[in-house]
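Asks: From the sequence below, what's the structure:
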Amino acid sequence: MRWLNTIWRWLLAVIVTTITACVVHSWTIQQGLIALGIDIPFGLRLRTAFNDFIGLAPALGAILAIALAIGFLIAAFLGPRLKVPAIIAYPLAGAVATGVTLWIMALQMHITPIASAREPLGFALLCMAGALGGLVFVLARRR
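Replies: Coordinates of the predicted model:
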């Protein structure tokens with residue numbers, strides 16, 4: 001039963017990370033357009049964010065699922081050996097896994113396919129989405 005709980009927590013972390021990353025992506029791109037002087041009404045912002053989620057979530061979610069699984073396995077192995085508390089190890093693993101994944105995608109495709117990751121703020125916010133997923137993974141543990 002313990003492995004079922006771990007899979008459930010990982011799935012929850014993937015969902016939270018994917019939703020957060022999609023929102024961050026949409027917000028970052030929209031802010032770039034607003035900085036150029038383009039007026040985006042609030043309703044259009046919401047519709048755009050929803051459509052970005054629908055278009056981006058399936059592929060990005062699958063990629064993040066793999067990244068978080070690898071990151072969490074590394075955290076599970078290294079955390080206790082390095083005496084790093086889980087509340088630090090898993091969010092750090094989520095952030096690093098997300099960042100490394102974005103970096104590998106850029107190397108493989110010769111372009112950053114997630115447009116919001118092209119700027120330092122967007123990249124950092126996407127990594128923070130991974131950290132949030134790691135935090136959710138830790139906090140969802142059964143006591």
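Asks: rest of the way, CA atoms for contacts and neighbours
Replies: Will do.
Asks: so what's the residue of the chain positioned farthest from its centre up against?
Replies: What lies farthest from the middle of the chain is residue 37; by CA atoms, centre = their mean that is 28.7 Å. Shown in contact with residue 37 (CA atoms under 8 Å, 6 or more residues apart in numbering): no residues.
Asks: Same check on residue 23?
Replies: 49, 53.
Asks: what helix or strand is it on?
Replies: helix 2-35 (DSSP states H and E).
Asks: what about that helix, distance to the chain center?
Replies: Counting by CA atoms, centre = their mean, to the nearest Å, helix 2-35 is centred 5 Å from the centre of its parent chain.
Asks: quick one: pLDDT of residue 142?
Replies: Model confidence at residue 142, given as pLDDT, is 69.
Asks: Please identify the buried residues of the helix holding residue 23?
Replies: 6, 9-30 (16 or more other CA atoms under 10 Å).
Asks: that older thread, which secondary structure state does the residue farthest from the centre of the chain sit in?
Replies: Secondary structure assignment for residue 37 (DSSP: H, G, I helix; E, B strand; the rest coil): coil.
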